[in-house]
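A.B. asks: below are the sequence and a predicted model; questions follow.
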Amino acid sequence: MVEIQRLSTTQPDFEQQLRSLTDWDDGATHGVESAVAEILAAVRGQGDAALRYYSEHLDGLAVESVSELEVDAAQCQAALEGLERADRDALETAAARIRHYHLHQRQADWEKTEADGSRLGQQVRPLERVGIYVPGGKAAYPSSVLMNAIPAHVAGVEEIIMVAPAPGGHIAPMVLAAAAVAGVDRLFLLGGAQAVAALAYGTETLPAVDKIVGPGNAYVAEAKRRVFGHVGIDMVAGPSEILIVCDGQTDPEWTAMDLFSQAEHDEDARALLICPEARYLDDVQAAMERLLPDMERSEIIRASLARRGAMICVRDLAEAADVANSIAPEHLELSVVEPERLAASIHHAGAIFLGRYTPEAFGDYCAGPSHVLPTSRTARFASPLGVYDFCKTTSLVQCTADGAAVLGPIAARLARCEGLTAHARSAEMRYRD
Ligand SMILES: NC(=O)c1ccc[n+]([C@@H]2O[C@H](COP(=O)([O-])OP(=O)(O)OC[C@H]3O[C@@H](n4cnc5c(N)ncnc54)[C@H](O)[C@@H]3O)[C@@H](O)[C@H]2O)c1
Ligand SMILES: N[C@H](CO)Cc1c[nH]c[nH+]1
Ligand SMILES: [Zn+2]
C-alpha cells in the first residue's frame, strides 16, 4: 500500500495542512546547524588538515595531502573518451542545448546620454572565480555539473572550481566527463560543509572563490547560508519538489511516474498532485501501487510520499492555480488540455512544464534551462540559476559641467536635510565654481 495524504480544499484546516507540507522546515536543520558551525570553524582555522580529517571521517576518503583530491583535466577528458558512445552523445547534446538556452540570458552593457551631455549607464562583468557544488552523497549527478557550470561558462567566469563528494573514493566517470564537457577548470573530490568552507575561505590547496552555487543536502545548504556575506551564494536550496496540476485526462501511470521522479531523489522530496476529479486521484493511487514495486529506489519513493507527498482535490482548475501559487513549487507540471491558459495565472514557480508531453524529467536533463531552481516556496522571490548569477553590474555616472548644474542643487539640498554638510559642499563646488 502506497501511503500518501489526501487533502481537499473543502476541508476547514486545508491551509494549515498544506503549510505543514510545504513550508521551509527550520526544525529539520537543528542538529545540522551545530555540526556545520563546527566544520566551518575547523576548515577556516586549520585549512587542509581539517579537510583531510572530514574527508576521511564523513566520506571515507583518506589522503596524505589535499592535492590528491584534485582530479586533473586529463583525467576528466579520459573519462569522457571512455564513455559509451550513446552516453557521450546524450551528455554532449544536453550540454549543447543548455548552452544554447543560456546564450539568451546574456546581458549587455548599456549607456544613455542626457540632454546636458552627461552619461548614465551600466556595465556587466563576469565573476572572476566561482565554486560549483555538485551533490554526490546518495546519487551521482552529471546533469548537475552541466546545469551549474554551463551558465557560469556562458557568463565568461574566468575560473570555475567544482567540488563533488566521492564516498569511499568513488566518483562516477560520467561526473568527470561532464566536467570536461562543461568547461570546469579545477575539480576537487570534496563534499558537504567542508567543501563549502574550503571554497569560501580558501585553504593551502584550494583557492577561495567569489561565489558558491549548486544544490546539496541539509549540510551543504546550511553551510552556504552561513558563509553568505563572506562570499556570494545562489540560493539556499531544499529538497527537490514537483507539483502536478492535472485535469484528469492524462494517463494515470504518466502522472504516477512523474511524482516518483522527484520522490526518488530523497526521503524529504515533495511530490504533490492537484486535480478537480476525485476519481482521477484514485486512478493515480492505483497506478502507484502497480508501478512502485518495480522501482529501483522504491524505499526512498515510499518514504518521501508518506512524509511529504499529497493528492489534493480542488473545485476547478482556477482553484488549482491559486493553490499552486500558494505552494510556489520548484517544478510545476500543467498536465491539462490548455496549459498556456493556465500558465497565465501562475505567478510563483521555479519552472513550468506545459502539457502532457512535457515531463519534468526533460527539464532535469536536457530541455535547456538550468535544473537548479528555488525550492520550499522561495519561488515567491527567487529565480532559476542563470547567467545573471555569474555576473555583476556596475553603475556608470559621468556629468558634464551643465549636468553638474542640474544635479548639484538637488544633491546639496537633500544633503543638508540629512545634516551631511560635506556632501552638500562637495555638490555645490561643482556648480558654484
Ligand atoms: N535542486 C537541484 O538541482 C538538485 C540536483 C541534484 C540533487 N539535489 C538534491 O541534493 C541533495 C543531495 O544530497 P546528498 O546527500 O545525496 O549529497 P550531498 O553531496 O549534498 O551531501 C553529501 C555530503 O554530506 C555530508 N554529510 C553527510 N552526513 C553528514 C553528517 N552526519 N555530518 C556532516 N556532514 C554530513 C558529507 O560530507 C557528504 O559529502 C538531495 O536532497 C537531492 O534531492 C538537488
Ligand atoms: N530534479 C533535480 C532538481 O530538483 C535535478 C535532477 C538531477 N538529476 C535528476 N534530477
Ligand atoms: Zn530530478
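C.D. replies: Arrived safely. Ligands and ions are numbered 1, 2, ... in the order given.
A.B. asks: neighbours around the closest residue to ligand 1 within the stretch 251-400 of the chain, how many?
C.D. replies: Closest residue of the stretch 251-400 of the chain to ligand 1, CB to the nearest ligand atom: residue 265 (3.4 Å). The C-beta positions use only the backbone N, C-alpha and C, and glycine is treated the same way. Neighbour count of residue 265, defined by other CB atoms under 10 Å: 24.
A.B. asks: ditto for residue 53
C.D. replies: Residue 53: 16 surrounding residues under other CB under 10 Å.
A.B. asks: ok, the residue lying closest to the residue of the stretch 251-400 of the chain closest to ligand 1 once chain neighbours are set aside - contacts?
C.D. replies: Excluding its sequence neighbours, the residue lying closest to residue 265 (CB to CB, 6 or more residues apart in numbering) is residue 240, at 4.4 Å. Contact analysis of residue 240 by CB atoms under 8 Å, 6 or more residues apart in numbering lists 262, 265, 266, 269, 270, 330, 331, 375.
A.B. asks: make it 7 Å
C.D. replies: Listed by CB atoms under 7 Å, 6 or more residues apart in numbering, the contact set of residue 240 reads 262, 265, 266, 269, 330.
A.B. asks: please list the residues of the stretch 51-200 of the chain that sit near ligand 1.
C.D. replies: 58-59, 135-139, 141, 144, 165, 191-193 (CB under 6 Å from any ligand atom).
A.B. asks: which among the residues you listed end up buried?
C.D. replies: The neighbour-count criterion (16 or more other CB atoms under 10 Å) marks 58, 59, 135, 136, 137, 141, 144, 165, 191, 192, 193 among these as buried.
A.B. asks: can you pull out the strands in the stretch 51-200 of the chain?
C.D. replies: Under the criterion DSSP state E, counting those that start in this stretch, strands of the stretch 51-200 of the chain are mapped to 70-71, 110-113, 119-126, 129-133, 159-163, 186-188.
A.B. asks: leaving out sequence neighbours, find the closest residue to the residue in the stretch 51-200 of the chain positioned nearest to ligand 2.
C.D. replies: Distances between the stretch 51-200 of the chain and ligand 2 by CB to the nearest ligand atom are smallest at residue 143, namely 4.6 Å. Nearest residue to residue 143, sequence neighbours excluded (CB to CB, 6+ apart): residue 365, at 5.1 Å.
A.B. asks: quick revisit: what's around the residue of the stretch 51-200 of the chain closest to ligand 2, how many residues?
C.D. replies: Residue 143 has 20 neighbours, counted by other CB under 10 Å.
A.B. asks: check residue 129 too.
C.D. replies: Here the count is done by other CB under 10 Å, and residue 129 has 18 residues near it.
A.B. asks: does it touch residue 211 like I think?
C.D. replies: No. Contact criterion CB atoms under 7 Å: residue 129 and residue 211 do not qualify, at 8.4 Å.
A.B. asks: could you name every residue contacting both of those two?
C.D. replies: Common neighbours of residue 129 and residue 211, using CB under 7 Å, 6+ apart, do not exist here.
A.B. asks: partner residues bridging the closest residue to residue 275 other than its chain neighbours?
C.D. replies: Spatially, and ignoring its direct neighbours in sequence, residue 275 is nearest to residue 246 (4.8 Å; CB to CB, 6+ apart). In this structure, residue 246 bridges to residue 335 when assessed by DSSP bridges.
A.B. asks: surely residue 246 meets residue 335?
C.D. replies: Yes. Taking CB under 7 Å as the definition, residue 246 is a contact partner of residue 335 at 4.3 Å.
A.B. asks: intersection of neighbour lists for those two?
C.D. replies: Shared contacts of residue 246 and residue 335, defined by CB under 7 Å, 6+ apart, comprise residue 255.
A.B. asks: I'd say residue 430 and residue 409 touch.
C.D. replies: No. Using CB under 7 Å, residue 430 is not in contact with residue 409, being 10.2 Å away.
A.B. asks: circling back to that earlier point, would you list the strands of the stretch 51-200 of the chain in JSON lines and tack on mean pLDDT?
C.D. replies: Shown next, in JSON lines, are those (pLDDT from 0 to 100):
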{"stretch": "strand 70-71", "mean pLDDT": "98"}
{"stretch": "strand 110-113", "mean pLDDT": "98"}
{"stretch": "strand 119-126", "mean pLDDT": "98"}
{"stretch": "strand 129-133", "mean pLDDT": "98"}
{"stretch": "strand 159-163", "mean pLDDT": "98"}
{"stretch": "strand 186-188", "mean pLDDT": "98"}
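A.B. asks: OK, contacts around the closest residue to ligand 2 within the stretch 301-433 of the chain?
C.D. replies: Nearest residue of the stretch 301-433 of the chain to ligand 2 (CB to the nearest ligand atom) works out as residue 364 at 3.5 Å. By CB under 7 Å, 6+ apart, residue 364 lies in contact with 143, 371.
A.B. asks: against residue 274, how distant is the residue nearest to residue 275?
C.D. replies: Residue 246 is 7 Å from residue 274, where distance means CB to CB, to the nearest Å.
A.B. asks: so the residue most central in space within the chain, which of the three states?
C.D. replies: Taking CA atoms, centre = their mean as the criterion, residue 372 is the residue nearest the geometric centre of the chain, at 3.0 Å. Assigned state for residue 372: coil (three-state reduction, DSSP: H, G, I helix; E, B strand; the rest coil).
A.B. asks: for it, give me its contacts.
C.D. replies: 147, 148, 214, 215, 234, 384, 385.
A.B. asks: and the furthest pair within those?
C.D. replies: 214 and 384 (12.9 Å; CB to CB).
A.B. asks: looking at these two, which is more packed in?
C.D. replies: Each of residue 214 and residue 384 has its neighbours counted (other CB under 10 Å); residue 214 has more, 29 against 22.
A.B. asks: CA-only coordinates of stretch 330-348 in CSV, if you can.
C.D. replies: The C-alpha coordinates for stretch 330-348 follow below in CSV (Å, rounded to 0.1, in the frame of the first residue of the first chain):
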residue,chain,number,x,y,z
GLU,A,330,10.2,24.3,-7.6
HIS,A,331,8.7,22.4,-10.6
LEU,A,332,5.1,22.7,-11.8
GLU,A,333,3.7,20.4,-14.4
LEU,A,334,0.5,21.7,-16.1
SER,A,335,-0.9,18.4,-17.4
VAL,A,336,-4.1,19.9,-18.8
VAL,A,337,-5.7,20.5,-22.2
GLU,A,338,-4.8,24.2,-22.5
PRO,A,339,-1.6,24.6,-20.5
GLU,A,340,-0.8,28.1,-21.9
ARG,A,341,-4.1,29.5,-20.5
LEU,A,342,-3.4,28.0,-17.0
ALA,A,343,0.2,29.2,-17.1
ALA,A,344,-1.0,32.7,-17.5
SER,A,345,-2.4,32.6,-14.0
ILE,A,346,0.7,31.1,-12.4
HIS,A,347,2.9,33.7,-10.7
HIS,A,348,5.2,31.6,-8.4
